[in-house]
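Chemist: Mind folding the following:
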Amino acid sequence: MSEKINSDSVPFPVHYNKGLTMVKKKDLSIQLAKDVLKIEAESISSLIDKLDDNFTKAVDTIYKSNGRVIVTGIGKSGLIGKKIVATLTSTGTQAIFLHPVEGMHGDLGIVTKNDIVLAISNSGETHELNLIVTSVREIGAILIALTGDTNSSLARSCNLVIDVGVEREACPFGLAPTSSSTAALAMGDALAVALIEKRKFNEKDFYKFHPGGNLGMRLRAKVKEVMISYAQTPKVLTGVTATRAIEEMDANNKGFVLVTDRKKTLLGIFTDGDLRRLVKRGVSFHDKTVDEVMTRNPKTIDENISLAQTIESMQRDEITTLVVANGENTLKGYIHLHDILGRGGTLKIALP
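Modeler: Below you'll find the model as predicted:
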């Protein structure tokens, strides 16, 4: 039965279903937004099955190149290209944007035979872009196409073709670049992330290119600026019962308790993982001291180490918490990955 049309309802075009559905006027914007997000999400997901050897070759080619990645495109593709350039340059790959029209009027001089040119066009038939591609071929630079038509003029002119074709645009008329530009942007991110792994680019490297950003400021800071203090650290004295250590761990809800002597010297750590392993093995801890069940010589870090180095240590050892101790192994506190990234909001750090 069709829905009765009234003054509070309007026909909403669900173009991917080729039909109409009735929605309340006040819900129209939300329905439109849901429609757009669904189509664009589907468009990005469809790229997964399009990935092939050309993507791998593109990553390897860029990685081995002694030149830069020169990204070019016009209109919406040009805007997407500029964002891809920004992502590449901030993650260790030298890149620059070249406008096709400006390129044909002198800026093509920046291209050398050692460069990689990444040309973006959904149709692959953009006249201005194809003109510059022809000139780039004469220079000898390698050409990679991001296009929605693998049989287009652009695709035939390039050394490698990455398919970013989408089934439909989110625009109800199928005209405004929406899904297609989103797909190209996502594929650009995929290239950048693959190159991050290829180059072994890490947080310390990221900081070098983001000294003024929020994450950059955090990574520049020292452990002592964000760590949890000694007073707030779960701890017990050597010689107490394992049961007492478990009570302290439970009371602080941190998943671990540190063991020290009366001079604050760090002796060991007892974690909920240790407890689970004891229980699994059927070992009774009720008649044991914490010294008998703790792990000696836990991973530590100095309070004057940068957060960038701290994250590297956490990644290397595959842990998210480090004990903070000085050169004499005196306990100072602890630091968790959440303290570096910020707990529940922006972390304010005072820099020198």
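Chemist: contacts, neighbours, all on C-alpha from now
Modeler: Noted.
Chemist: Where do the domain boundaries of this protein fall?
Modeler: The record's domain parsing of the chain by automatic domain parsing lists 9-46, 48-201, 217-341.
Chemist: Rebuild those domains as a markdown table, extending it with mean pLDDT and mean neighbour count.
Modeler: Putting the domains of the chain into a markdown table (pLDDT from 0 to 100; neighbours: other C-alpha atoms under 10 Å) gives the following:
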| stretch | mean pLDDT | mean neighbour count |
| --- | --- | --- |
| domain 9-46 | 70 | 15 |
| domain 48-201 | 91 | 19 |
| domain 217-341 | 88 | 18 |
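Chemist: Secondary structure element holding the residue nearest to the spatial centre of the chain?
Modeler: Compute the mean C-alpha point of the chain, and by C-alpha atoms, centre = their mean the closest residue is V193, 7.6 Å away. Using DSSP states H and E, V193 sits within helix 179-199.
Chemist: what's next to that helix, contact-wise?
Modeler: 39-40, 43-44, 47, 55, 59, 63, 76-77, 80-81, 83-84, 87-88, 91-93, 120, 122, 146-148, 164-166, 168-170, 202 (C-alpha atoms under 8 Å, 6 or more residues apart in numbering).
Chemist: again, only this time at 6 Å
Modeler: E40, I44, I80, I84, L88, V164, V166, E169, A170 (C-alpha atoms under 6 Å, 6 or more residues apart in numbering).
Chemist: Give me the subset of these lying in strands.
Modeler: Among these, DSSP state E puts none in strands.
Chemist: and of those, the nearest to E312?
Modeler: L88 (21.4 Å; C-alpha to C-alpha).
Chemist: any idea how far L98 is from the closest one?
Modeler: Remark: distance between L88 and L98 (C-alpha to C-alpha, to the nearest Å) = 15 Å.
Chemist: And T271, by the same measure?
Modeler: As judged by C-alpha to C-alpha, T271 and L98 stand 55 Å apart.
Chemist: give the contact list for I144.
Modeler: By C-alpha under 6 Å, 6+ apart, the neighbours of I144 are L118, C158, N159, L160, V161.
Chemist: right, and the secondary structure at it would be what?
Modeler: Three-state assignment for I144 (DSSP: H, G, I helix; E, B strand; the rest coil): strand.
Chemist: is it in a bridge, and if so with what?
Modeler: In this entry, I144 is beta-bridged to L118, L160, by DSSP bridges.
Chemist: Which residue ranges of the stretch 151-300 of the chain form strands?
Modeler: Applying DSSP state E, counting those that start in this stretch to the stretch 151-300 of the chain gives strands spanning 160-163, 228-229, 235-237, 256-260, 266-271, 295-296, 300-301.
Chemist: what angle do the longest one and strand 256-260 make?
Modeler: Orientation check (axes from the mean of the first three to the mean of the last three C-alpha atoms, to 10 degrees): strand 266-271 against strand 256-260 gives 160 degrees.
Chemist: just the helices in the stretch 1-150 of the chain please.
Modeler: Here the stretch 1-150 of the chain has its helices, by DSSP state H, counting those that start in this stretch, at 28-46, 53-64, 76-90, 100-103, 127-139.
Chemist: Off-centre distance for the shortest one?
Modeler: Offset of helix 100-103 from its chain centre (C-alpha atoms, centre = their mean, to the nearest Å): 32 Å.
Chemist: contacts for that helix?
Modeler: Applying C-alpha under 6 Å, 6+ apart, the contact partners of helix 100-103 are E128, L129.
Chemist: would TSV of the helices of the stretch 1-150 of the chain with distance to V223 be doable?
Modeler: Converted to TSV, the helices of the stretch 1-150 of the chain look like this (distance: least, C-alpha to C-alpha, whole Å):
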stretch	distance to V223
helix 28-46	39
helix 53-64	34
helix 76-90	24
helix 100-103	48
helix 127-139	49
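Chemist: Would you mind saying which of these lies nearest T330?
Modeler: Closest to T330 of these is helix 76-90 (C-alpha to C-alpha; 38.7 Å).
Chemist: Show me what the closest one is in contact with.
Modeler: V71, A95, I96, I120, L185, G188, A192, F209.
Chemist: so what's the last one scoring on pLDDT?
Modeler: Which is F209. You'll see F209 listed with a pLDDT of 55.
Chemist: ok, which pair from the contacts of helix 76-90 is furthest apart?
Modeler: Going by C-alpha to C-alpha, the pair spanning those furthest: I120 and F209, at 25.5 Å.
Chemist: residue boundaries of the helices in the stretch 201-350 of the chain?
Modeler: With DSSP H, counting those that start in this stretch, the ranges of helices along the stretch 201-350 of the chain come out as 203-209, 214-220, 242-252, 272-280, 290-293, 307-317, 337-341.
Chemist: Let me have those in a markdown table, extended by distance to E138.
Modeler: Below are those laid out as a markdown table (distance: least, C-alpha to C-alpha, whole Å):
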| stretch | distance to E138 |
| --- | --- |
| helix 203-209 | 34 |
| helix 214-220 | 41 |
| helix 242-252 | 68 |
| helix 272-280 | 63 |
| helix 290-293 | 71 |
| helix 307-317 | 44 |
| helix 337-341 | 48 |
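Chemist: now for stretch 63-78, what's the gap between its first and last residues?
Modeler: Note: stretch 63-78 ends 23 Å apart using C-alpha to C-alpha.
Chemist: how far does that stretch sit from the chain's center?
Modeler: With C-alpha atoms, centre = their mean as the basis, stretch 63-78 stands 21 Å off its chain's centre.
Chemist: And for stretch 41-56, what's in contact with it?
Modeler: For stretch 41-56, contacts defined as C-alpha under 6 Å, 6+ apart pick out L160, V166, A183.
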